[in-house]
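Student: structure for this input, please:
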Amino acid sequence: QAMLPLLREAPAARIVNVSSGSGSLTLNADPTNSHREMFGAVYSPSKTALNAITLAFAIELESTGIKVNAVCPGFTATYLNNFEGTGTVEQAARHPVRLALLDEDGPTGTFSNERRQLPW
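Tutor: This next block holds a predicted model:
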């Protein structure tokens, strides 16, 4: 909210929120989802909320040309998971950077990883 006045003046403003597939209500509502047991009371709901605010901003800013998207970088080796992730930070950064550099015809209001669109 605080940055919106500056973003509105930028020639190609982009908002990219780093989310997680664990925040997908659709995926976690599916009893066959192998990662469902990881949907706890803190991390996953915080990512669900981030997905909701991403979509809300995308709708609010649709007419401005500001693109707003959420991205799941995948299971990245970081301090959060004791560096047990399967991807590097450099690999995880590729898709968010691509979304940050979208041209005016790029999508807005999406949730994706490097391979595909993800369900909210």
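Student: only C-alpha atoms from now on, for both contacts and neighbour counts.
Tutor: Will do.
Student: do a quick rundown of the helices in the chain.
Tutor: 4-9, 25-29, 43-60, 89-100 (DSSP state H).
Student: mind listing what's buried in the third one?
Tutor: Of the residues in helix 43-60, those buried by neighbour count under the rule 16 or more other C-alpha atoms under 10 Å are S44, P45, K47, T48, L50, N51, A52, T54, L55, F57, A58.
Student: repeat for the last one
Tutor: Of the residues in helix 89-100, those buried by neighbour count under the rule 16+ other C-alpha under 10 Å are A92, A93, H95, P96, L99, A100.
Student: which ones are touching the fourth one?
Tutor: Each residue near P96 by C-alpha atoms under 8 Å, 6 or more residues apart in numbering is listed here: V16, V18, V71, P73.
Student: and the first one, how far is that from R36?
Tutor: Right, the one you point to is V16. 25 Å (C-alpha to C-alpha, to the nearest Å).
Student: about what we covered before: any of the contacts of P96 buried? List them.
Tutor: Buried subset of these (neighbour count, 16+ other C-alpha under 10 Å): V16, V18, V71, P73.
Student: next, format the helices of the chain as JSON lines and append mean pLDDT.
Tutor: Output for the helices of the chain, formatted as JSON lines (pLDDT from 0 to 100):
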{"stretch": "helix 4-9", "mean pLDDT": "96"}
{"stretch": "helix 25-29", "mean pLDDT": "96"}
{"stretch": "helix 43-60", "mean pLDDT": "97"}
{"stretch": "helix 89-100", "mean pLDDT": "97"}
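Student: got TSV for those helices, with distance to W120 too?
Tutor: Converted to TSV, the helices of the chain look like this (distance: least, C-alpha to C-alpha, whole Å):
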stretch	distance to W120
helix 4-9	24
helix 25-29	6
helix 43-60	7
helix 89-100	17
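Student: before we move on, the earlier item: closest one of the buried residues of helix 89-100 to P5?
Tutor: A100 (18.0 Å; C-alpha to C-alpha).
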